[in-house]
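In: Sequence first, predicted coordinates after that:
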Amino acid sequence: MRFLMMTTETSDEFNAEQAAEMGRFIEEMSKSGALLATGGLDPRGVHVRNSGGKVTVTDGPFTEAKEH
């Protein structure tokens, strides 16, 4: 099972102490093998759905671009 962890703080609120704490957390999780990736989300926002054995891929949670 995978989880996504996000922060809602803006860059103005994120200080050096918090950055150091996050660095320690990332290092600890990496060493334990629990952390798989630290990259950002894919900006394309694709949505994959499997229903009744049929897989459908759309532009994401939004209306298909061709439908605009």
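Out: Done, it's in.
In: Could you pull out the strands in the protein for me?
Out: 47-51, 54-58 (DSSP state E).
In: how close does the residue most central in space within the chain sit to His47?
Out: In the chain, the residue lying closest to the centroid (C-alpha atoms, centre = their mean) is Leu41, at 4.4 Å. Distance from Leu41 to His47, counting by C-beta to C-beta, to the nearest Å: 13 Å. C-beta: built from backbone N, CA, C; applies to glycine.
In: Over to Leu35?
Out: 25 Å.
In: Have a look at the two and say which one is more surrounded.
Out: Legend: neighbour count by other C-beta atoms under 10 Å for Leu35 and His47, higher for Leu35 (14 against 11).
In: how near is the closest residue to that one other than its chain neighbours to Ala19?
Out: Of all residues not flanking Leu35 in the chain, Met29 sits nearest, at 3.6 Å (C-beta to C-beta, 6 or more residues apart in numbering). As judged by C-beta to C-beta, Met29 and Ala19 stand 16 Å apart.
In: Looking only at neighbour counts, state which of those two leads.
Out: Using other C-beta under 10 Å as the criterion, Met29 and Ala19 rank with Met29 on top: 14 against 10.
In: Do you know the pLDDT at the spatially closest residue to Thr56 that is not a sequence neighbour?
Out: Spatial nearest neighbour of Thr56, chain neighbours left out: Arg49 (4.8 Å); criterion: C-beta to C-beta, 6+ apart. As predicted, Arg49 sits at a pLDDT of 82.
In: For the worst-scoring helix or strand of the chain on mean pLDDT, which strands pair with it and how are they oriented?
Out: Here the helix or strand of the chain ranked lowest by mean pLDDT, DSSP states H and E is strand 47-51, holding a mean of 81. Applying DSSP bridges, strand 47-51 is found paired with strand 54-58 (antiparallel).
In: Tell me, how many residues neighbour Val46?
Out: Using other C-beta under 10 Å, Val46 has 10 neighbouring residues.
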